[in-house]
Structures are given as C-alpha cells and as structure tokens.
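Trainee: only geometry, no sequence info:
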C-alpha cells in the first residue's frame, strides 16, 4: 500500500486553513559560560497555511534552535513569532514536533506512547482509542500496538513518533532532521510516507534536514540558512506538483543550485 | 545537537551574576539544618516536657562525653572495640584476599569451593551470633571470629571479582613477555584489580564495625557496645548518646580514611 | 568431564563438612553439646514444626520485614525524589541524612529501645529506618537522571506536573528504585533479625535463636540460621523477578 502510485495532481496550499506562521526580525542569543553567543540573527520568514517548507544549512545550532523557538521550548527571543496572529511563548498542542531521536518513552508501548499526546484533550476513552488506532494505521504500524520501543527498528520508532505528533491534529508540524539517524533505504521509504501524510493531512510542516534531495522532494520551498549566526541566505521555490517524481529534471537542477549555494563562502 | 540544546542556559546575562553575600549564604546553608536540629533539640530538652530518661539536652551529652573521656572509660572501651576490629579485620582480609585470588585464578578451586562460598555468603553475619556464642562462648574469640567472618566474605568476593575483571588483554601481554606467576600477580593482576579490592575492603570494614558493635551489645563485658548497653540498662540516655555518636564518628572516620587512601593510591584511574 | 560430574564437584566440600560435623558430634558429650548430631537437628526441626513455633517465627519475621520495607522504601522514594527535584529540600535534608547514615542501624537500636520500648512498633521502626537509608540514595539518583529529552517531550505534550511525575519521571527512575529496593530488602532482613536478637520479646526467628542460645539448643540455632539464609535468598529472588517484570520494557542489556 505504501508503494502504490499516488495520484498526480497539483495541490496548492489552501490560504483559508489555519496554520500560517509569521516570523519577523527574530534574533536569539544563547549564554555559554555567561557570554552571549548569537545563534539566530534577524530571521524573517512567512509560511502559508498548509505549506511544506524545508530548511537546509550547514551543521550548527541555528536550524534546530529555530524549530525549538517555534514549538515553544525556548521562550526568550527578540522579534516576533506569530502563529495565525498569536505570539508564541510556550508550548501548545497546536504545534507538534518530531525530533531526530524518536524520543518515545521506552517504558510505554507504541499505543501508549501515541496516546500520551491525547492526555489533556477533552475526549472520552472511546474517542481516544479510535484516534490512536486510526493513527497507527496512518503510519502503517498495525500489529505493533503492544510493542515496546526497544523492539522496533529505527524507522518504525520514528513513524510512531510522527503518529504521536500528528494525533493532536496540530496546526503546524515541525520536524528536526527526522530521518537523519536512519539508513538510506528507510529514509527514502519514510520520505514517501511523510509526503503521503502531508497530502492527506494538509497541516503546515517545517522540516530541517541536511539532505538536499530530501528537502527538494518534500518541500514547496527550500530555505538555505547560514550558520554562526544563523541567517537566511537563499530561498528556492519548488513549483512542482505533489506527489513528486524523484527523477524530475527540475529537482536535479534545483539540487545543483542549492549545493552551490551551500558550499559558497 | 538537540541534546546539548536542552542543557543550555538561556537566561539573560544579568540574572547570572550573584552578589557576594548571597554566595556566602549559599555555602552556609548546607550547615543550616543540622544546626537547626541541634538548636531545636536543646530547646525541647530545656522545656522539660520529656523526662530525663527520654531526652537529655546536648549539653548533658557533652558533659557525659567529658566524664567518660576523663575517667578513661571511653578510651578503654574504644581500645577494646578497635583492637577486636583490627585483629578480626586483619585475619578476615588476608584470608579473604588469598581465597579470592585462588577462586579467580583456579577453575578447580572455583568448582569445589565456589558453590559453598556463595551459599555461606548469603547468611547474614548477625544471624550467626547465637551460633558463634554457643560454639565459642562470649569471650574475645567469639567477637574476633565474627568480625573475621564479616570481613572474609565481602573481601573474597571483591578480590575474586576484581581479578576476574582484569581484561584478558593484560594476561595476553603477560604471556607474550613470559612473566613468571609471581610477577604476573604482583605487577599485572594486583594493580588492575586493586581498586575493586580496596573498595571491598572499605565496605567490609564498615560492615564489620557494625557487626562488632552488635555483638558487643548482646554479649560482652567490655567495648563500646557494652558501654552503650550498660547505659541503656541504667537508663543513662546521655551515655547511650555518647556511645552512638562515637560509633558513628568512628564508622565515618574508617570509611573516609579508606576513601582517601583509595584516591591517593588510584590517582592513575580517571573515574 | 560431563556436566553432571562438573557441577557435583561443588557438593564435595559441603558433604565432607557435614560428615566432619557428624563425626565430631560423636566424639563425646562435650562435642555433642556444640556440634549437635544431625539426627537431633532433624528431631529439633520436626519438634519446631509440630509445635508451630517455627511457622510462627517465620511469619513474624517476614511480616515485620515486609511492613518495615514497605514503609521505609516508600518514605525513601518520596524523600529521594524530593531531594532530587528541589534544591531547598536537598540542602535541608542532605546533611542530616549523611550524618545519620554513619551510625549503623544496629547501633541505633539501644536508643530506639529507650525511646519507643521493645514492642513490635519499635522493631518495625528499626526495619523501616534500615530500608529507608539506601532507598533515599537510589531514588535520588534515579530521579535526577531522568533524560531531559523525555522531559522536553512531556513539555511539548503539555503534560501536567502530576502526569509528568507518573508517566515520565517515575518510570525513568524505576531501574534505580529497583536496585535500591534490593539493597533495602537486604538491610531490612538483617535488621529485622537483629532487632529480634536484641529486643527479645515477641516472635521471630531471631527470638527463636536467642532463646535457643540461652537454653543451649544448638540444633534450633542451626535451623534458625538455615531458615534465615534460605528466606533471605528467596525474598531476594522474588524481588529480583518482580523488578525484571517491572523493567521488562528495557529489553536485553
């Protein structure tokens, strides 16, 4: 089912859906041994509702920090981060995140892990159970409901983490190098799955990755960031319809452009 | 990268510099609760709500300590207890190390002595007190032997584990250089196993101290335990407290002393 | 050498020792006093069983150990967790804890006896204290090493403080708590017997042995020692299995 060909159709992000992100003049310093280290400098970014934005850049704290600020794990910053007009200063179930390490609780089964996200939603038990089952099916983990994380492969655990992040139906999903720890084959499979999920769910997604091909395959836009301090250097728009064909020549051309940009200065 | 981010301090710089007086209070606060407890104790004792048989003031305890010290009684009892501990420890540790070495290096010894050793090790030492009393009477022998037992088993175990823990690589190198057995043990095995063995010695010592005090409490005519028991029977709680504090102090000193020794001997370890 | 012969080598020494014991007991009246013949041990055993004394003693000792262990371990977990979470509690309690820890529990028995008498309550208090001290240390270890990354997930999932405690911190600390529990068990068992030896009113294996010692009944003493060893081993096995079950999510290590 996972490898069945998806319908080719251009899907434009619907402007009326909630989940529009506005970042204006964002700057962030970290304190290392009492001295301020600038990590992000004057970030300006507008993400439309339902858009998929990929962020690539050299290794450095900037990209992850940006995601952590958006999800609300860091509360102190200069500038504005607005989700549908509201300033972000704490975590919320409207914003979900998938980390590079799946961060499933080792002492809970797959179902229990996914259900943890529903702990504080006003749903009754039956509804919760139903949603959990739906999302397990969504990520193709049927049969592994009662497995513990140590029994899962890296790809499966990451799928469970994605289910946990999506089950609250967040306005925006952040992904911090979600497939970086997986082998090449699993990565390709999961990229395909993520694309399928995005087409189905249509939540806004922002993904940080160091894999340029992955960024182009999944994203409507690819942002290139410079490190130390983190700044937006370059942007490309990928105006190809979803679902995408990996071997499309335009993707290759864009890849060359991005690599050149990343390597320069 | 996300792992390090979770640890980074993101407070603004102005919050991080502490005034000097605050830093001092910070350091001093560690002493706060024991001092508070002492003060509370003195207060409650002076109110007289409890009879002198139940609660004496810190001052009374200090006075009792003074009396016992100057009359020589404390020192004499200490001498008895510590000498029993010393002899028992020497016996138990030496035999424990020897046995531990044999157990680790010889499969035959392990096969014949191993199971019995592991079984006997499970028996708590104080459970053996009645048996030892019946076998050896209530004199010195019984006390020294019970300390020996308490020391032998943990030391033998630690020695055996320590030696078994020596990486095989070391043995291979020794074999390449064709080291004779004596040199092998002295220059390779012992230094490598020494940290574990010394830790075992330390644990055994503190346990032996506990067991000795217990046996003196139960059956003795001299020693710290006996001093406490006498105090208890005569309802002299101040004497009992002096005894308890001295026991604690010696236990601490023994443990701390060996820890210091460990640190000095094993500076080459980067734990 | 086949497996059977290899394993039975371990039995050679015990059998020899038992034979030597039996031999010594037959050498004369004086020896028989200390090294009672095996037959009288067997006799003593059936006597104790018949009179019910053995069972009563075992039950009493076990009961005391379990109540003391429960109280002490729970208190230890609570205090240890509090110490790891709050610097204030750590500052307040840690110095006291480390000072009191230096005095072995058996040394505190006379003091406790003076204050609380020699009844069952005093003994359970002693056992609780014995279980408390090791547990505090382990619980504090466990709670202070909860993976920060899991705590971040708890924040992102908007868990309340209570949910955080129950679903993240407690399970994460569980391995350390189980280790602490096994140590606490050993201390509790030893101090239960110790308190019985010292405060010889009431029931228990220690009492049984003290009475036997007074009456020069070596056979009963031997039986007592064997019971204590076996029960201690058995309880440790039981709790280890319990721990393995509770930590089954860890997989092979």
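Mentor: Thanks, I have the structure now. Predicted model, so just to flag it, every value in this text is computed and none were measured.
Trainee: Can you work out which other helices and strands pack against whichever helix in chain C runs longest?
Mentor: Secondary structure of chain C per DSSP state H: the longest helix is helix C:53-85. With contacts taken as 3 or more C-beta pairs under 8 Å, 6 or more residues apart in numbering or on different chains; DSSP states H and E, helix C:53-85 sits against helix C:38-51, helix C:87-102, helix C:120-144, helix C:170-198, helix C:205-214, helix C:218-246. No exception for glycine: its C-beta is placed from N, CA and C like everyone else's.
Trainee: Any residues of the stretch 101-250 of chain A in contact with chain B? List them.
Mentor: Contacts of the stretch 101-250 of chain A with chain B, taken as C-beta under 8 Å from any C-beta of the partner chain, map to A:101, A:176.
Trainee: if you look at stretch A:178-195, does any of it touch chain C?
Mentor: No. Stretch A:178-195 stays clear of chain C (C-beta under 8 Å from any C-beta), getting no nearer than 13.3 Å.
Trainee: could you give the mean pLDDT of that stretch?
Mentor: Mean pLDDT, computed over stretch A:178-195, is 91.
Trainee: buried set for it?
Mentor: Neighbour-count burial for stretch A:178-195, with 16 or more other C-beta atoms under 10 Å in any protein chain shown as criterion, is recorded at A:178-182, A:186-195.
Trainee: Show residues contacting that stretch.
Mentor: Residues outside stretch A:178-195 that contact it (C-beta atoms under 8 Å, 6 or more residues apart in numbering or on different chains) are A:2-3, A:6, A:98-101, A:139-140, A:153-155, A:158-159, A:161-162, A:175, A:207, A:209-211, A:214, A:217-218, A:242-244.
Trainee: Narrow these to those in helices?
Mentor: A:154-155, A:158-159, A:161-162, A:214, A:217-218.
Trainee: what stretches of chain C score poorly on pLDDT?
Mentor: C:1, C:29-34, C:252-253 (pLDDT under 70).
Trainee: got the residue ranges for the helices in the chain?
Mentor: Just so you know, I chose chain A. A:62-71, A:110-116, A:125-138, A:154-166, A:184-201, A:212-218, A:249-263.
Trainee: Can you look at chain B instead?
Mentor: B:2-5, B:20-47, B:58-70, B:73-105, B:107-122, B:129-136, B:140-164, B:168-176, B:181-183, B:190-218, B:224-233, B:237-265.
Trainee: And the pLDDT for the closest residue to residue A:47 other than its chain neighbours?
Mentor: Take residue A:47 and drop its neighbours on the chain: the residue closest to it by C-beta to C-beta, 6 or more residues apart in numbering or on different chains is residue A:21, 4.1 Å away. Predicted confidence (pLDDT) for residue A:21: 91.
Trainee: tell me the contacts of residue A:21?
Mentor: Residue A:21 neighbours (C-beta under 8 Å, 6+ apart): A:45-47, A:70, A:81-83, A:172, A:204, A:206.
Trainee: returning to that earlier point: possible to save the helices and strands packed on helix C:53-85 as TSV with mean neighbour count and distance to chain A?
Mentor: Putting the helices and strands packed on helix C:53-85 into TSV (neighbours: other C-beta atoms under 10 Å in any protein chain shown; distance: least, C-beta to the nearest C-beta, whole Å) gives the following:
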stretch	mean neighbour count	distance to chain A
helix C:38-51	14	44
helix C:87-102	16	20
helix C:120-144	23	13
helix C:170-198	24	4
helix C:205-214	23	37
helix C:218-246	18	9
